[in-house]
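Novice: with the input below, show me the fold.
(chains A and B)
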Amino acid sequence: MSREEPPGAIRVSGVTHQYRKHIALDALSLDLPAGRLIGLIGPDGVGKSTLLGLITGAKALQSGSIEVLGGSIDDAAHRRRVCSDIAFMPQGLGRNLYAELSVRENLEFFARLFGQGQQEREIRIAALLSATGLSPFADRLMGKLSGGMKQKLGLCCALIHDPKLLVLDEPTTGVDPLSRRQFWSLIDAIRRDNRSLSVIVSTAYMDEAERFDSIVAMDAGRILFQGAPAELRGTERDLETAYRQLRAGTGPTIQTARQARRRIAPDPVIIARRLTRRFGDFIAVDSVDFSINRGEIFGFLGSNGCGKSTTMKMLTGLLPASAGDALLFGQPVDGRDRDMHREIGYMSQAFSLYGELTVYQNLLLHARIFDIPEQAARIDELTQRFGLAAHRDTLAATLPLGLKQRLSLAVAVIHRPRVLILDEPTSGVDPAARDTFWVLLEELSLDESVTIFVSTHFMGEAERCDRVSFMHAGRVLAEGTPEALMAAEAANTLEDAFVAILERAEPPEPATAPQVEDLPTKAGFGGGATRALAYGRRETVEILRDPVRLAFAFLGSAILMLVFCFGITLDIEDLDFAVLDLSQSPESRSYTAEIAGSRYFSPTTPLRSAADGQTQLAAGEISLVVELPPDFGRKLRAGEPTEVLATVDGAIPFKGETVEGYVYGLHQTFLDTLAREAGKAQREVARIEPRYRYNQSFESIAAMAPAMPAILLIMLPAVLTAVSVAREKELGSVTNFYVTPTTRLEFLVGKQLPYIAIAFANFLLLAAMTVVVFDVPLKGNPAPLAIGALLYVWATTSYGLVIATMTSNQVAATFATAIASVVPTIQFSGLLQPVSTLEGGAQIIGSLWPSSYFLHLNVGAFTKGLSWEALGPDLLALACFGPVLTAVAALSLRAQEK
Amino acid sequence: MRRISGIFWLGLKEMVSLRRDWVMMALLVWSFTLAPVMEATGVANSVNNASIAFADEDNSPLSRAMAASFFPPEFQPVVQIEPGSGPAHMDAGRFLFVVAIPPGFERDIRAGRTPEIQVLIDATAMEQAGIGARYITSILAAEIQRFALGRELVEPSPITLTMRSGFNPNRDTVRFAGIVALIGQIMWLTTILTGAAMIREREHGTIEHLLAMPLTPFDIAIAKIWANAAVVLAATALSLVFVMRGTLGITIAGSTSLFLLGTALFLFTATAMGVFLATVARSMAQFALLVMLTILPMLMLSGGETPVEGQPEWLQAGTLILPSRHYMSASQAIAFKGANINVVWSEFLWMAALGIVLLTASLLMFRRSVNN
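Specialist: All right, here's what the predicted structure looks like:
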């Protein structure tokens, strides 16, 4: 390419994107030059993430066109060509990373996806880790990193393959100001080093937009403004105000400037004294002190995970303190003190009301739980005052974020508490809605002298508090009025003051670009197999670190095998029976002895009446009543025909039929004995000789134990495989598959491999149990059996993949797979009803179901002693299922998000 | 008083939430309508459509009469096969039963030489094999007996055995399978409903929100328990009337209200089980896996699928601590045998005791899980 412009330009034209009825992008057109740092600004829900997802190819285009790196991103071939030049870091702290993997393992996984050899990988990882200051944490699990470190790791993973286009979706949301600054210095250093790199970043922090070369302001799926930051700001005080002006256009902005600070009388309502909370050996809150006065708005500032929420929970009594005191109105906080809860209004992080209830129902529920007087009037008053009247019957889940937060506040104050504890109430809310919210808070504080304890990571909000406290890593670093804090640090803004204090507490390392120039690059080496193995290796590590899934994988089959085999045995012996002997003759006693002497029955106390027997049968105490008539002995002696009445508990049909069979047999034996004793030898006309093939003693365990693996080896492996794919979809790491060179087949096969191994290990375990625990010897050849088992688990894990491609979350995947694997196996594979006895359609389904063949194979090898020739057809059939099902899964898996 | 009203309103909210959760509603409807109907009418518990072949080397009127005495629905039409080919057919799984009649069979009977018929049975097909073998033996024996009696080759038997199938004279398997299926659905659904409601609440952060109000973990758990138990109890009652009686024609022999009382007692333990599993699981996905590993064994060992008497002694003693076993036993007594409270009181007592233990344990666990 010898164009003048570097080939990184992006051209978006006429792109509309809808989620059901919601329009995320509205006929949007946009030209973005290459080699620049471009900022996408706007609050949550204006379409920023959708646009970035479309540009990187993570989302499938619905309409319009997008050109990226010299071709249409909608063209699959082009996407495959350029995807190793694009890096995408999706929204959410560490969303595309793997919590169970260490920092180094995460980086290695991404490096393998881009086909880097071991040498290249090690050089690059070392360089990235040292540049970002993550080297000392290389072996820490990603899930245990702080927010700032997660974002640095995300950046490392994005940069591992030297992209030409770097796309970052809200990389700094929820990160403390110091880490944010470090992040931006890192980006600057990388750009200095590689001038052709194009960077597109979205952010909800307007103040960050100042540092971009160019900004794109969005609202409701449209572009409001595109140009240099200075151009947007114009004459306004700052970008936030400018954006709000641009957006609102109509309607007055709510008064934001605060009146002169009030004087607050020292009347402490909330006191924390050396308050400490430990989780294991991790100290979340470390000896925190503060005191908050009546009617004061006290701000709590700090990054995600610094201990703000934990402190607040201790003050509401949700969490007991490990050490120190938390006092409310001079009383120690006690989670069990109901009266204390009536004084507190608490609003937890994120929206935590019931989305499935309407605004009114939410308010009513809380009014009822607090049992407040005049509930209807109070609800009316609150809906009016908080601007919720028009949304009274709207489901809370469908409200915009700003209204949800107002509803949360209304709920928190419904019982007129004297203290309000608000945990990051405005995170993610757009600037105008945040203003309204703060006006309400100020009113509550001024008019009703409510003491408000609020945490935030917005500096603008902190400035509106009477006093603020900076928290970092569990400790309070500084406290005072915003003015006093700024003065103490000689800072112009509260953020500068915070950063200065943080830097003193934790001196930062200088930001440098990773030095990776002289690399023996062998990109693409190894190709598909390397990538599939990278997925397989990662999946293995993850499952080894998840105790529940691991237990399910190995103990699950063993436990169920024991339960099924011991529980579903059909050999019934020692059944209790009772006799109503009205004859009381030697003949009747010997008839009774015949039954009592067998191993099937054991006698209980003889009955006195027929009704007695009926009662005992009904209670389930006995299974059989034998009634001998008064003249039984006499008639028998006289050679006259007589009769015996046997009543069997037929409530459980199977049991009843078995018992009847036993009784017929014993009756016949008695007749034979009788005839022999009389010397007449009741001559048998013919003999009917039953031959139980494969299982001479006809013990159910010998039939059950080899049959069980057929169902266990489809249910458990399919569920585990389906969950592993659904989990990636649910947690968001599936994005890595969308935007890296991984093909569908590589992704699926890679994820499947560890489960094939686990399932095969399970097969060996079950086979060993069959022989050792259940004493069923393996009569046939083990080789075809093992091959068949491998083919079968390939098929069953593939079946799990097929179902996973159709479900979007782990719970649905678990239950759908369980039902869709167990039901056909039980009904059609011959487990309960042999395939030869199935009718029509059922028989066809049975012949298209892998379990039928494995069942025949496993039972055949174990009890029928069959060998290669006899098992060959089963092996051939089983060999077809794996490839076909894997292909179906690959075809139905989406290569891009909807 | 305030506390009870809090629990009441919270439970009511639970029902409103359930009504809006269409996935759970669909599961609820499915579990109490189609699922038990399919299970009841699906796989028959006794001999049904069994495949049978005759290797008839005699080809006499008697052997032909014997082959003609097998009828649907128990048996498929008899297939004649080559003598000696029975084992091979069986290895391939084509027939469950093969009857081999030796040459000169009828002649030998007439001559009083007691010839022998072999019945080959594929013993790997447990339920069908055992009962089927008895069926076949008695059908063949009856045919031979009739032949022999007709020609006065034998005397009639001195003792006639009259067999009565108590509580179920027609050997109806649908009633049994229907009620057992319903009981199984009650177990699954109650645990899943309660546990999922609990975990959803925790995942959305609403549990903390509730705990910051004048409510204790006990109140929250009790609200979930009573609400979900009430929903399942109502669904059970409706299912008894419209699905069991209306569609399947199954009636309960005993008192329906006693059956529902037993169900209510059981729901106590099943909802407690849900709360318990929800506190053990860290996420919804783990919960789903745990449910499969716990409820399935509870159901299998309850005595619904196969009789408890079939379990080894040690296991029979062990399953006494399963509430599902007592529920299954009490419901079967009420539904099939018309048992009254004098008969089932001990099972009820067991359920109540186990329910209290499980509930206390799960509440203690729940409190701990919230605090961590």
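
Novice: surely B:F147 is in a helix?
Specialist: Yes - assessed with DSSP: H, G, I helix; E, B strand; the rest coil, B:F147 lies in a helix.

Novice: does it touch B:I109 like I think?
Specialist: Yes - between B:F147 and B:I109 a contact is recorded at 7.1 Å, counting by CB atoms under 8 Å. C-betas here are computed from N, CA, C, even on glycine.

Novice: who touches both of the two?
Specialist: The overlap between the contact sets of B:F147 and B:I109 (CB atoms under 8 Å, 6 or more residues apart in numbering or on different chains) consists of A:685, B:62, B:153.

Novice: top of the residues you listed by number of neighbours, please.
Specialist: B:L62 (21 neighbours; other CB atoms under 10 Å in any protein chain shown).

Novice: coming back round to it: so which of the shared contacts of B:F147 and B:I109 is the closest to B:T263?
Specialist: Within these, the smallest distance to B:T263 is 53.3 Å, found for A:V685 (CB to CB).

Novice: neighbours around the residue nearest to the closest one when sequence neighbours are not counted, how many?
Specialist: Distance criterion CB to CB, 6 or more residues apart in numbering or on different chains; nearest residue to A:V685, sequence neighbours excluded, is B:A148 at 4.4 Å. Counted with other CB under 10 Å, the neighbours of B:A148 add up to 20.

Novice: surely B:A148 and B:L62 touch.
Specialist: No - in this structure B:A148 lies outside contact range of B:L62 using CB under 8 Å: 9.7 Å.

Novice: any common contacting residues for those two?
Specialist: B:I109.

Novice: how about the contacts made by the residue nearest to A:V685?
Specialist: Per CB under 8 Å, 6+ apart, neighbours of B:A148: A:685, B:109, B:154.

Novice: how close does A:H472 sit to A:Q182?
Specialist: Distance of A:H472 to A:Q182, computed by CB to CB, to the nearest Å: 14 Å.

Novice: where exactly do the helices run in the stretch 51-200 of chain B?
Specialist: With DSSP state H, counting those that start in this stretch, the ranges of helices along the stretch 51-200 of chain B come out as B:61-67, B:86-91, B:105-110, B:126-150, B:173-203.

Novice: can you check the stretch 651-800 of chain A too?
Specialist: Listed in chain order, the helices found in the stretch 651-800 of chain A under DSSP H, counting those that start in this stretch are A:653-677, A:700-731, A:735-739, A:744-772, A:782-804.

Novice: now the second one and helix B:126-150, what's the angle there?
Specialist: On the basis of axes from the mean of the first three to the mean of the last three CA atoms, to 10 degrees, helix A:700-731 is oriented at 150 degrees to helix B:126-150.

Novice: for helix A:700-731, packing partners?
Specialist: helix A:547-567, helix A:744-772, helix A:782-804, helix A:810-828, helix A:850-859, helix B:126-150, helix B:284-300 (3 or more CB pairs under 8 Å, 6 or more residues apart in numbering or on different chains; DSSP states H and E).

Novice: looking at those helices, which is nearest to A:L25?
Specialist: Closest to A:L25 of the helices and strands packed on helix A:700-731 is helix A:744-772 (CB to CB; 26.1 Å).

Novice: mean confidence for the closest one?
Specialist: The average pLDDT for helix A:744-772 rounds to 94.

Novice: check stretch A:137-150 too.
Specialist: When pLDDT is averaged over stretch A:137-150, the result is 84.

Novice: establish whether it and chain B are in contact.
Specialist: No - applying CB under 8 Å from any CB of the partner chain, one finds stretch A:137-150 separated from chain B by no less than 12.3 Å.

Novice: quick one: buried residues of that stretch?
Specialist: Buried residues in stretch A:137-150, defined by neighbour count with 16 or more other CB atoms under 10 Å in any protein chain shown: A:137, A:141-142, A:145-150.

Novice: for the stretch 251-372 of chain B, which residues are neighbours of chain A?
Specialist: Counting by CB under 8 Å from any CB, the residues of the stretch 251-372 of chain B close to chain A are B:281-290, B:292-293, B:296-297, B:300-301, B:305-307, B:309-312, B:315, B:329, B:332-333, B:336-339, B:343-344, B:370-372.

Novice: from the residues you listed, list just the buried residues.
Specialist: Buried residues within these, counting neighbours by 16+ other CB under 10 Å: B:281, B:283-290, B:292-293, B:296-297, B:300-301, B:305-307, B:309-311, B:315, B:329, B:332-333, B:336-337, B:339, B:343-344, B:370.

Novice: neighbours around A:V429, how many?
Specialist: A:V429 is flanked by 23 other residues according to other CB under 10 Å.

Novice: ok so, going back, mind putting the helices of the stretch 651-800 of chain A into TSV with mean neighbour count?
Specialist: Rendered in TSV, the data for the helices of the stretch 651-800 of chain A read as follows (neighbours: other CB atoms under 10 Å in any protein chain shown):
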stretch	mean neighbour count
helix A:653-677	19
helix A:700-731	25
helix A:735-739	24
helix A:744-772	21
helix A:782-804	24
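
Novice: closest one to A:I38 among those?
Specialist: Among the helices of the stretch 651-800 of chain A, the nearest to A:I38 by CB to CB is helix A:735-739 (18.5 Å).

Novice: which parts of chain A belong to which domain?
Specialist: Domains of chain A are assigned by the TED database as A:10-247, A:530-565+A:699-892, A:575-678.

Novice: can you tell me which of those domains is most buried?
Specialist: Of these, the one with the most neighbours on average (mean count of other CB atoms under 10 Å in any protein chain shown) is domain A:530-565+A:699-892, at a mean of 21.

Novice: start to end distance for that domain?
Specialist: One end of domain A:530-565+A:699-892 sits 23 Å from the other (CA to CA, to the nearest Å).

Novice: kindly report the same for stretch A:415-427.
Specialist: Stretch A:415-427 end-to-end distance (CA to CA) = 25 Å.

Novice: and it, which residues are buried?
Specialist: Going by neighbour count (16+ other CB under 10 Å), the buried part of stretch A:415-427 is A:415, A:417-427.

Novice: on that earlier part again, quick one: which of the buried residues of stretch A:137-150 sit in helices?
Specialist: Members of those lying in helices (criterion: DSSP state H): A:147-150.

Novice: quick one: pLDDT of the residue of chain B most remote from its centre?
Specialist: Within chain B, B:A111 marks the point farthest from the mean C-alpha position, 50.2 Å out by CA atoms, centre = their mean. B:A111 carries a pLDDT value of 86.

Novice: if anything else comes up later, I'll come back, but that's it for now.
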